[in-house]
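Asker: model this:
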Amino acid sequence: MGQKVNPKAFRLGVIFTWSSRWYGSPRNRAYQHQLRTDVEMRSWLMKELKESMVDHVDVERSPSSVSIMIHTAKPGFIIGRSGAGAEELKKKLLAKFFPKKSKVNVKLNIIEVNRPNLSSQIVLQSMAADIEKRMPFRRVLKMAIERVTKAGALGVKVMVSGRLNGAEIARREMLSSGSVPLQNLRADIDYAQGFAQTIFGAIGIKVWIYRGEVFDREREKRREEASLKAAEEAKAAEVTAEAK
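Answerer: Residues are numbered from 1 along each chain as shown. Next up, the predicted model:
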């Protein structure tokens, strides 16, 4: 089952949450309109900000406002000098997706991705750019795996398919490193799929990155909190002893 579905969709509600967060009844026509707007807006932003290495776009709605959070590896490309780029992007969003009569307060937040080499979407975009520059596909796969492994991933799998290197017959090639447990729901697997447009046709790309188990992270977080608490208590005890 885990090998036949999108790894993120498979884990929704378990370790991942939805990229659009708002409430609406499926029977309400506003629900359909808002859902369609979110999908089209996310697709438009990914195309508009192609050079900015966007990881994902989150949307949060309230009755009177919409918060759009763009997670990117290059926030400076979007923000621009003195915030001019962000303001221009906000104006385009308002003109395209939010008519004046709606009177919705739109908030645009640009969030930097700390470790871009652990983001499957950003890795996929860099692979697509290399393939479109006519780099050999095996070199592109090996470079991607090397970058992700050095960033600290426990496992990575990359796949390309199509007329590779301009071959007459389309085929599929895959390289992997480490473990990628697709059946395990607690495994934090970042997945992305896309394509590179070449003169020989489209080359499909898929990327899986295993970033560890979520329960292990929570355990480490609790340990850090416990050690910080113990250190604070020890410091307080020292201060009390000195006061006496």
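
Asker: is it correct that residue 140 is in contact with residue 127?
Answerer: Yes. Residue 140 is in contact with residue 127 according to C-beta atoms under 8 Å; the separation is 5.4 Å. C-beta coordinates here come from the backbone N, C-alpha and C atoms, glycine included.

Asker: what's the overlap in contacts for the two?
Answerer: Jointly contacting residue 140 and residue 127 under the rule C-beta atoms under 8 Å, 6 or more residues apart in numbering are residue 160.

Asker: pull the contacting residues for the residue sitting nearest the centre point of the chain.
Answerer: By C-alpha atoms, centre = their mean, the chain has its centre lying nearest to residue 55, at 3.6 Å. Contacts of residue 55 were listed using C-beta under 8 Å, 6+ apart, and they are 71, 72, 73, 113, 116, 119, 121, 122.

Asker: what's the pLDDT at the closest residue to residue 112 other than its chain neighbours?
Answerer: Spatial nearest neighbour of residue 112, chain neighbours left out: residue 75 (4.7 Å); criterion: C-beta to C-beta, 6 or more residues apart in numbering. pLDDT recorded at residue 75 is 90.

Asker: repeat for residue 195
Answerer: Note on residue 195: pLDDT of 94.

Asker: any idea how far it lies from residue 144?
Answerer: Using C-beta to C-beta, to the nearest Å, we find residue 195 at a distance of 15 Å from residue 144.

Asker: same drill for those two, tell me which one is more crowded.
Answerer: Higher neighbour count among residue 195 and residue 144: residue 144, with 23 against 17, using other C-beta atoms under 10 Å.

Asker: can you tell me the element residue 135 falls in?
Answerer: Taking DSSP states H and E as the criterion, no element holds residue 135; it sits outside all helices and strands.

Asker: now do the one 10 residues further on
Answerer: Counting by DSSP H and E, the secondary-structure element that holds residue 145 is helix 137-150.

Asker: low pLDDT regions in the protein?
Answerer: For the chain, residues meeting the criterion pLDDT under 70 lie at 1-3, 101, 216-224, 227, 239-244.

Asker: in stretch 13-26, what's buried?
Answerer: By neighbour count with 16 or more other C-beta atoms under 10 Å, stretch 13-26 contains the buried residues 15, 16, 20, 22.

Asker: ramachandran coordinates for the first one?
Answerer: What that stands for is residue 15. Dihedral pair for residue 15: phi -120, psi -20, per degrees, to the nearest 10.

Asker: still on that earlier bit, right, and the helix or strand after the helix holding residue 145?
Answerer: Using DSSP H and E, the helix or strand that follows helix 137-150 in sequence is strand 155-162.

Asker: show me what that next one is packed against.
Answerer: On a contact count with 3 or more C-beta pairs under 8 Å, 6 or more residues apart in numbering; DSSP states H and E, strand 155-162 meets helix 120-132, helix 137-150, strand 171-178, strand 201-213.
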